[in-house]
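*Asks:* After the sequence you'll find the predicted model.
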Amino acid sequence: MKHIRYLFTSILILAILLASCSSELPADEMFKLVIDSHPTEIQIGEQVTFVARLVNLMDEDFTLAHDIPLISLFVRHVTIDAPENTTAAAISSEIEANGYIERRLSVNPTYAGEFYLRAQTSFMIGRRLFSFYTDDVLLNITG
């Protein structure tokens, strides 16, 4: 009887450990934030559209709680720091299994210089916060 009790206790502890290891929330590796291919040499007055995508790499749908907009895509002068990500969880968006959500930004430069293109996002699934940034992409605007 004592062995059965130990066996039952061991099975119960193992079940609890396995349940705690199988997270209900996805790991950061389950999403990626990318900027589609784009020109890096742009003429003044040339309209260019950049596209950033948050990609769900999982075979599972998720509801993302986030600020507006979900994806920030911006161009800034090289001397200006990027803004911080914030998550106010004001609205929610659905991202389908193996799907993506995208954001477009069209620019028509009016002066020359070096600028950075960057995308960033911050959202919550349940109580877990996710933040992603792309590397800065150097854009050269010429006259």
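*Replies:* Yes, it's here. Numbers count the residues shown, from 1 in each chain.
*Asks:* residue ranges for the strands of the chain, please.
*Replies:* 31-35, 41-43, 48-56, 62-77, 91-95, 100-107, 113-125, 128-133, 137-142 (DSSP state E).
*Asks:* where does this structure have low pLDDT?
*Replies:* Within the chain, the stretches with pLDDT under 70 are 1-27, 85-89.
*Asks:* let's go with 80 and repeat that
*Replies:* Low-confidence segments of the chain, defined by pLDDT under 80: 1-28, 82-90.
*Asks:* circling back: could the strands of the chain go into TSV alongside distance to residue 84?
*Replies:* Using the backbone N, CA and C atoms, a C-beta is placed for each residue, glycine as well. Below are these laid out as TSV (distance: least, C-beta to C-beta, whole Å):
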stretch	distance to residue 84
strand 31-35	16
strand 41-43	27
strand 48-56	17
strand 62-77	10
strand 91-95	19
strand 100-107	18
strand 113-125	9
strand 128-133	10
strand 137-142	19
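*Asks:* can you put those in a markdown table and add mean neighbour count?
*Replies:* Formatted as a markdown table, the strands of the chain follow (neighbours: other C-beta atoms under 10 Å):
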| stretch | mean neighbour count |
| --- | --- |
| strand 31-35 | 17 |
| strand 41-43 | 14 |
| strand 48-56 | 19 |
| strand 62-77 | 17 |
| strand 91-95 | 15 |
| strand 100-107 | 15 |
| strand 113-125 | 20 |
| strand 128-133 | 16 |
| strand 137-142 | 15 |
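*Asks:* and residue 101, bridged to which residues?
*Replies:* Counting by DSSP bridges, residue 101 is bridged to residue 54.
*Asks:* OK, contacts around it?
*Replies:* The neighbours of residue 101, taking C-beta atoms under 8 Å, 6 or more residues apart in numbering as the test, are 53, 54, 70, 71, 93, 95.
*Asks:* what's the closest non-adjacent residue to residue 124?
*Replies:* Excluding the flanking residues, the one nearest residue 124 by C-beta to C-beta, 6 or more residues apart in numbering is residue 65, at 4.5 Å.
*Asks:* bridging residues for the one you found?
*Replies:* With DSSP bridges as the rule, residue 65 is bridged to residue 92, residue 124.
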